[in-house]
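Okay, here's the prediction I keep looking at, along with the sequence it came from:
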Amino acid sequence: MHTVIHWFRRDLRISDNTALHEAWNRSQILIPVFIWDDAILRSPDVGPARVAFLLRSLEALARNLETLGHRLIVRHGPPAEQLVRIAQQTKAAAVFTNRDYEPYSVHRDRHAAAELYQAGVYFESFKDSVLWEGKEILTQAGAPYTVFTPYSKAWRARPRPAPVPRIGPAKRQLDPSLSSLPLPQDSSALDHPLSQSLFPAGEHAAQAALKHFVQSAVHQYDEDRNFPAKESGTSRLSPHLRFGTINIRTILHRLTQVAADRPVQRGIQVWESELIWREFYLQILANFPRVATGNFRPEYDQLEWSGTDEQFQAWCAGRTGFPIVDAAMRCLNATGWMHNRLRMIVAMFLTKDLLISWQRGERYFMRQLVDGDLAANNGGWQWSAGTGTDAAPYFRIFNPVTQGEKFDPSGEFIRQWVPELSQLDSKQLHRLADNPLLLSRTGYPPPLIDHARQREKCLAMFKAVKGA
DNA sequence: TGAAATGTTGGGGCG
DNA sequence: ACGCCCCAACATTTC
């Protein structure tokens, strides 16, 4: 083919990129395209943390392409319409892209494929963001796995595809008259405090983060991952996996290298299982798209969540009076990121202490998180609420005080994010509510609810549905 | 990738 | 010395 368009979406990198490499390899002229889509940009689920990360990743992508003589074409509008327009102007024979499994994306791509077909342009999509897609790992009975452990066994038993080679230099120049929008330098998203996240964006930053993590921290991951105060306890690669500034093939390839001279690989094993969770939930979303709008177990659609708007607002703002919960929420609000242990704690607290539907928490997370991903976020929330696949049973309820004592024993993380408590030692801090005199002097809010009481109410709420 | 309630055991204080 | 009680520590059950 003479001219092929590569449509970038969640694969903002030039190395180890399946569709991009195919497009470059099989054409004389490669047209790399990114399209701003209002259906996504204007969604209430998209917040400044992610927009800023996307913008900065796009800038990096444009630079990386430029070093090889390629020019990123940026457009704005309905994707199908823009693709047809570019294809007609450049006489492109095909549009290549990497598959995306969210319900909106599946619909969008089907529509784009149809429109392009009408215009005589070939559309081809590739597997790229996961090792194994929804229908590739099935049970003996031919059904999708809905339990993690057997799924992960099947996943681990499979080969691990090697990274895809990086694309080479442009073979011919793009028509200079082909227009491209400038990337907004002064977008309000970049002024927003959330854009000052801890996450350097782009492909090089992702590679650097990976290198840093696998050099040492990954070997303590099985222990360290539970302690939010440990900066290097986790990889912090989640936004890069979300936007495809890195690919899982590259990650596994690097892990294999560092594992080669290690007899004990517990850290690596445990971290790999987190990567498998990611594919597990992507596979769940692809096979059961209804989880995006309801409980995986439909009987739980009848649950009567009784928490109030005021309580929800307190949770969002980090004013619940439970130090570990409030520290976690304030960290999220300030940085766009939250440690996974804390995600479980605040999710359990919203659903099982405040008795507020997981879906409200899910939406708030999506708006705030720099790594917000429908499949992983939805899976995590349904797991915590006990309404999902392989979920924590509904009666598994975290005690927010105990969790704080266990996973932030010194109180270091709490003091970092809750300045009212910064002068307290760990002993005073976790059970501050038992010391009303000290509590009143700190200016920190008293507990919003009584955990033991709410726990009972939660159990009753679930039992009411089970009995029905 | 729990926590709380309940049950069991055994050491030690004490009359 | 003995039985009783207390209670921490651990185990089991229940949600």
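Received it, and whenever you're ready, just let me know what you need.

can you pull the contacts of residue A:276?
By Cβ atoms under 8 Å, 6 or more residues apart in numbering, the residues touching residue A:276 are A:148, A:151, A:152, A:155, A:156. Backbone N, C-alpha and C define where each C-beta goes, glycine included.

Test my guess that residue A:364 contacts residue A:316.
Yes. At 5.8 Å, residue A:364 and residue A:316 qualify as touching, with contact defined as Cβ atoms under 8 Å.

pLDDT score assigned to the closest residue to residue A:281 other than its chain neighbours?
Taking Cβ to Cβ, 6 or more residues apart in numbering as the measure, residue A:281 lies nearest to residue A:379, with 3.3 Å between them; neighbours along the chain are not counted. The pLDDT attached to residue A:379 in the predicted structure is 96.

same deal with residue A:196?
With respect to pLDDT, residue A:196 has a value of 67.

Can you give the distance from the host helix or strand of residue A:377 to the centre of its chain?
Here residue A:377, judged by DSSP states H and E, is contained in helix A:374-385. Averaging C-alpha positions (Cα atoms, centre = their mean, to the nearest Å) puts helix A:374-385 11 Å from its chain's average.

residues of the next helix or strand after it that come out buried?
On the C-terminal side of helix A:374-385, the nearest following helix or strand under DSSP H and E is helix A:400-407. Counting neighbours by 16 or more other Cβ atoms under 10 Å, one finds that the buried residues in helix A:400-407 are A:400, A:401, A:403, A:404, A:405, A:407.

Also stretch A:109-128?
Of the residues in stretch A:109-128, those with enough neighbours to count as buried (16+ other Cβ under 10 Å) are A:109, A:112, A:113, A:115, A:116, A:121, A:123, A:125, A:126, A:128.

ok so, going back, distance check, the residue nearest to residue A:281 against residue A:391.
The span separating residue A:379 from residue A:391 equals 9 Å under the rule Cβ to Cβ, to the nearest Å.

try residue A:177
Taken as Cβ to Cβ, the spacing of residue A:177 relative to residue A:391 amounts to 55 Å.

what sits against the residue of the stretch 51-200 of chain A found nearest DNA strand B?
The minimum distance from the stretch 51-200 of chain A to DNA strand B, using Cβ to the nearest atom of the strand, falls at residue A:148 (6.2 Å). With contacts taken as Cβ under 8 Å, 6+ apart, residue A:148 has the following neighbours: A:276, A:277, A:280, A:389, A:390.

Wait, a strand at residue A:4?
Yes. In this structure, residue A:4 lies within a strand as judged by DSSP: H, G, I helix; E, B strand; the rest coil.

Residue A:223 and DNA strand C: what is the separation?
In this view, residue A:223 and DNA strand C are 21 Å apart by Cβ to the nearest atom of the strand, to the nearest Å.

Tell me the buried residues in the helix or strand that residue A:153 is a member of?
If you go by DSSP H and E, residue A:153 is part of helix A:148-156. Of the residues in helix A:148-156, those buried by neighbour count under the rule 16+ other Cβ under 10 Å are A:148, A:151, A:152, A:154, A:155.

if we can go back for a sec, between residue A:379 and residue A:391, point out the one with more neighbours.
Legend: neighbour count by other Cβ atoms under 10 Å for residue A:379 and residue A:391, higher for residue A:379 (26 against 20).

and residue A:229, what is it in contact with?
Under the contact definition (Cβ under 8 Å, 6+ apart), the residues listed for residue A:229 are A:408, A:410, A:412, A:413, A:416.

returning to that earlier point: now flag whichever of the contacts of residue A:276 is closest to DNA strand C.
The shortest gap between DNA strand C and any of the contacts of residue A:276 belongs to residue A:148, at 18.9 Å (Cβ to the nearest atom of the strand).

Strands of chain A, start to end?
When assigned using DSSP state E, the strands of chain A occupy the ranges A:3-8, A:29-36, A:73-76, A:94-98, A:122-126.

The closest residue to residue A:448 other than its chain neighbours: what's it in contact with?
Counting by Cβ to Cβ, 6+ apart, the nearest residue to residue A:448 once its immediate chain neighbours are dropped is residue A:320, at 4.7 Å. Residues in contact with residue A:320 (Cβ under 8 Å, 6+ apart) are A:314, A:326, A:329, A:349, A:354, A:445, A:447, A:448, A:449.

These in helices, which ones?
Judged by DSSP state H, the subset of the contacts of residue A:320 located in helices is A:314, A:326, A:329.

For residue A:68, state which of the residues you listed is nearest.
The shortest separation between residue A:68 and any of the ones in helices among the contacts of residue A:320 is 42.9 Å, and it belongs to residue A:329 (by Cβ to Cβ).

No further questions, thank you.
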